[in-house]
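# Sequence first, then the predicted structure, then my questions.
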Amino acid sequence: MIETLKSELQAAVGPENVIDEGDTLETLSKDFYWYSPVLKRQLDDKRADAIVRPGSLDELRRVVAACTRAKIPVVPRGAGTGNYGQCVPLYGGVVIDFARLDRIVSIQDGVVRAEAGARIGAIEAAARPLGWEMRCMPSTWVKSTIGGFFCGGSGGVGSITWGGINAPSNVKSVTILTCEEEPRLIRLEEADSLKALHTYGTTGFMVEVEMRLAPKVDYQQLILSSPDWDRLLAWTNAASRRVDWRKRLVTQFEWPIPSYFKPLAKHLRDGDSITFLLVDQAQVPEVIADAAAAGVDCVYNKPLSDPPKPPFLTDYTWNHTTLWAIKAEPSMTYIQAGFGANYAEQFAELRRRFPGEILFHLEFVAGNSKMMKREAVLNDPDSVVVGGIPLIFFKSEERLNEIIAACAEIGVFVANPHTVKLEEGGRHPNIAEKRAFKAEVDPQALLNPGKMATYPVNPFVGGAVTV
Ligand SMILES: Cc1cc2nc3c(=O)[nH]c(=O)nc-3n(C[C@H](O)[C@H](O)[C@H](O)COP(=O)(O)OP(=O)(O)OC[C@H]3O[C@@H](n4cnc5c(N)ncnc54)[C@H](O)[C@@H]3O)c2cc1C
């Protein structure tokens, strides 16, 4: 690293908070991109020149100013649990780790205000005694940061009731520090904040967020089991639309996915598909009776402890499922899918075209688009959509692309997790606004270069910049 920049960074945050060699540099340059054999090939050799850990807004300002003067790539980082190499620097430069900017400022009137580096698990633990809980959070909620979730994630646990981060009213405000020699603070409120959400750290440094919370529910963790996939699917789909059941999770796995969940083996039956449900404890007898009437058995029935303590069934859902699968079958990878109302036909068609190559893992969620129409998003049965993270036995990149193309052909939406490019990894109806906001907050295009692929300027194309 250029000595002047290094000494400026050290002066800003203390020498112990500037890391420019060793295993920690390597670890903090990476995320969970290796779930994708395609990204693994592309990103294994990428790393930062330095990691910097500011401990206050003032320190962050000084770090940003120094990096901007040096005209180097700058990449923000939360807990590094992203799956698409979002916080892996493509051109070296400085990674700014938000781990020390983790204060929960307040939890008041159903709104949490926190620094971007606050861990979601810490927010959930602080909110529950006050009668609140996170509306939606990733399955990595114990470890991941609220800023990383807003900038790299989409939804997860709780989305069956509240939708994802894009759903109206979930995010109250975000405060952004610009990437300039004299960094400025910009506060975006309500729908205006959407232009800074899920932008992979390309639209400024998120320093503080306000998120609305949900009234706390005491949950029971249930596993429902049946050897008959279709029978279970019919029950799970109906359960996901029960507006009177207070739910935080509805997930279905086809056999043999349950066999990958080793710690749960003693509860599970060979050959059975299973559904996970997090539901209000007061409603458990009714839920189990309803399942029994449909020929579906409850094989696991444990409270979610409060304060939260493992075991968490959420540790097997969303992209945790893929992790358990890769542990059991190293050749496994995944896609992220949104199915249509004809989901059963779509499953059948994919099974017909790719026999033995796809295993279905479904996540039921309240769809954001339906919720755009109303302020109160609670439990509209028509808003539930069947999404999921199907597992794929990886054969080759070409075959993976064939599967993704076939999905598009039959009307299955795929948020491709095998690309670092923001626009290819999901739906961005407001990408023009995101680009315009980037131009305003990052005039030199230093922030996470290469990730917003449709941004017209990337000063680092043509090779890594050595700092
Ligand atoms: C096992 C597993 C399960 C997962 N399950 C889910 C899930 O259920 N739902 C889901 O949405 N995601 C999921 N993910 C992805 C990821 O865990 C979440 O999106 C998580 O919230 C990311 O938070 P993080 O703190 O780790 O962010 P990071 O990975 O550190 O960063 C994510 C992105 O945000 C940017 N960023 C981070 N902090 C800031 C900041 N302060 N300012 C500006 N940009 C910033 C980074 O540059 C990067 O582009 C999963 C990942 C794994 C490995």
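Everything's here; your move.
# How about the residues of this structure by the ligand?
Residues of the chain found near the ligand (Cβ under 6 Å from any ligand atom) are 31-32, 75-83, 86-87, 98, 116, 138-140, 144-145, 147-149, 151-156, 200-201, 205-206, 318-320, 323, 448. Where you see a C-beta, it was placed from the backbone N, CA and C, and this is true even at glycine.
# tell me the contacts of the residue sitting nearest the centre point of the chain?
With distances taken as Cα atoms, centre = their mean, the residue of the chain nearest its centroid is Gly153 (3.0 Å). By Cβ atoms under 8 Å, 6 or more residues apart in numbering, the residues touching Gly153 are Gly82, Pro138, Ser144, Ile165, His198.
# now swap in Arg242 and tell me
Pro381.
# Please determine how far it is located from the ligand.
22 Å (Cβ to the nearest ligand atom, to the nearest Å).
# hey, which strand is longest across the chain?
strand 205-215 (DSSP state E).
# gap between that strand and the chain center?
Centre-to-centre, strand 205-215 and its host chain are 15 Å apart (Cα atoms, centre = their mean, to the nearest Å).
# Pro449 and Gly462 touch, don't they?
No - between Pro449 and Gly462 there is no contact under Cβ atoms under 8 Å: 11.3 Å.
# Looking at these two, which has the bigger crowd around it?
More crowded of Pro449 and Gly462, by other Cβ atoms under 10 Å: Pro449, with 24 against 8.
# Residues contacting stretch 120-136, please?
By Cβ under 8 Å, 6+ apart, the residues outside stretch 120-136 that reach it are 102, 104, 107, 110, 112, 114, 137-138, 141-146, 149, 155-159, 161-165, 167, 170, 211-217, 306-308.
# so where is this protein shaky, pLDDT-wise?
1, 368-380, 463-467 (pLDDT under 70).
# which ones are touching the closest residue to the ligand within the stretch 351-467 of the chain?
With Cβ to the nearest ligand atom, the shortest gap between the stretch 351-467 of the chain and the ligand falls at Asn448, namely 5.6 Å. Applying Cβ under 8 Å, 6+ apart to Asn448 gives the contacts Pro73, Val74, Val75, Pro76, Gln86, Cys87, Pro89, Tyr200, Gly201, Thr202.
# I'd like to know which of the residues you listed are part of strands.
Counting by DSSP E, the contacts of Asn448 place Val74, Val75, Pro76 in strands.
# what's around the residue of the stretch 201-350 of the chain found nearest the ligand, how many residues?
Closest residue of the stretch 201-350 of the chain to the ligand, Cβ to the nearest ligand atom: Gly201 (2.5 Å). Neighbourhood size, Gly201 [other Cβ under 10 Å]: 26.
# And the one 3 residues further on, by the same measure?
Around Gly204 there are 29 other residues, counting by other Cβ under 10 Å.
# where's Phe149, which helix or strand?
Using DSSP states H and E, Phe149 sits in helix 146-152.
# Which elements pack onto that helix?
Helix 146-152 sits against strand 74-77, strand 111-115, helix 120-127, strand 205-215, with contacts defined as 3 or more Cβ pairs under 8 Å, 6 or more residues apart in numbering; DSSP states H and E.
# so of those, which one's packed in deepest?
strand 74-77 (a mean of 28; mean count of other Cβ atoms under 10 Å).
# Just give the strands next to the helix or strand following that strand in its sheet, each with its orientation.
Using DSSP H and E, the helix or strand that follows strand 74-77 towards the C-terminus is strand 94-97. Here strand 94-97 is paired, per DSSP bridges, with strand 50-52 (parallel), strand 74-77 (parallel).
# buried sites along strand 94-97?
Buried residues in strand 94-97, counting neighbours by 16 or more other Cβ atoms under 10 Å, are found at Val94, Val95, Ile96, Asp97.
# and which of those is nearest to Val38?
Val95 (22.4 Å; Cβ to Cβ).
# so what's the closest residue to the closest one other than its chain neighbours up against?
Leaving aside its sequence neighbours, Val95 sits nearest to Ala48 (Cβ to Cβ, 6 or more residues apart in numbering; 4.2 Å). Shown in contact with Ala48 (Cβ under 8 Å, 6+ apart): Leu25, Leu28, Ser29, Val75, Pro89, Gly92, Gly93, Val94, Val95.
# if we go to 7 Å?
By Cβ atoms under 7 Å, 6 or more residues apart in numbering, Ala48 lies in contact with Leu25, Ser29, Pro89, Gly92, Gly93, Val94, Val95.
# any chance of those in JSON lines, plus distance to Leu194?
Output for those, formatted as JSON lines (distance: Cβ to Cβ, whole Å):
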{"residue": "Leu25", "distance to Leu194": "34"}
{"residue": "Ser29", "distance to Leu194": "29"}
{"residue": "Pro89", "distance to Leu194": "26"}
{"residue": "Gly92", "distance to Leu194": "31"}
{"residue": "Gly93", "distance to Leu194": "27"}
{"residue": "Val94", "distance to Leu194": "28"}
{"residue": "Val95", "distance to Leu194": "26"}
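# are any of those residues buried, and which?
Counted by 16+ other Cβ under 10 Å, the contacts of Ala48 give Leu25, Ser29, Pro89, Gly92, Gly93, Val94, Val95 as buried.
# mind checking how far the fourth one is from the ligand?
The one in question is Gly92. The gap separating Gly92 from the ligand is 15 Å, by Cβ to the nearest ligand atom.
# for that residue, phi and psi?
As for Gly92, its main-chain torsions (degrees, to the nearest 10) stand at phi 70, psi -150.
# Show me which of the contacts of stretch 120-136 are buried.
Counted by 16+ other Cβ under 10 Å, the contacts of stretch 120-136 give 102, 104, 107, 110, 112, 114, 137-138, 141-142, 144-146, 149, 155-159, 161-165, 167, 170, 211-214, 216-217, 308 as buried.
# Which residue comes closest to Ala291 once chain neighbours are left out?
With Cβ to Cβ, 6+ apart, the residue lying closest to Ala291 is Leu224, at 5.2 Å.
# typo on my end, it should be Leu323
Per Cβ to Cβ, 6+ apart, closest to Leu323 is Tyr35, 7.4 Å.
# again, but for Arg77
Nearest non-adjacent residue to Arg77, counting by Cβ to Cβ, 6+ apart: Cys87, 4.4 Å away.
# Please produce a markdown table containing the ones in strands among the contacts of Asn448, extended by distance to Glu124.
Converted to a markdown table, the ones in strands among the contacts of Asn448 look like this (distance: Cβ to Cβ, whole Å):
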| residue | distance to Glu124 |
| --- | --- |
| Val74 | 30 |
| Val75 | 27 |
| Pro76 | 22 |
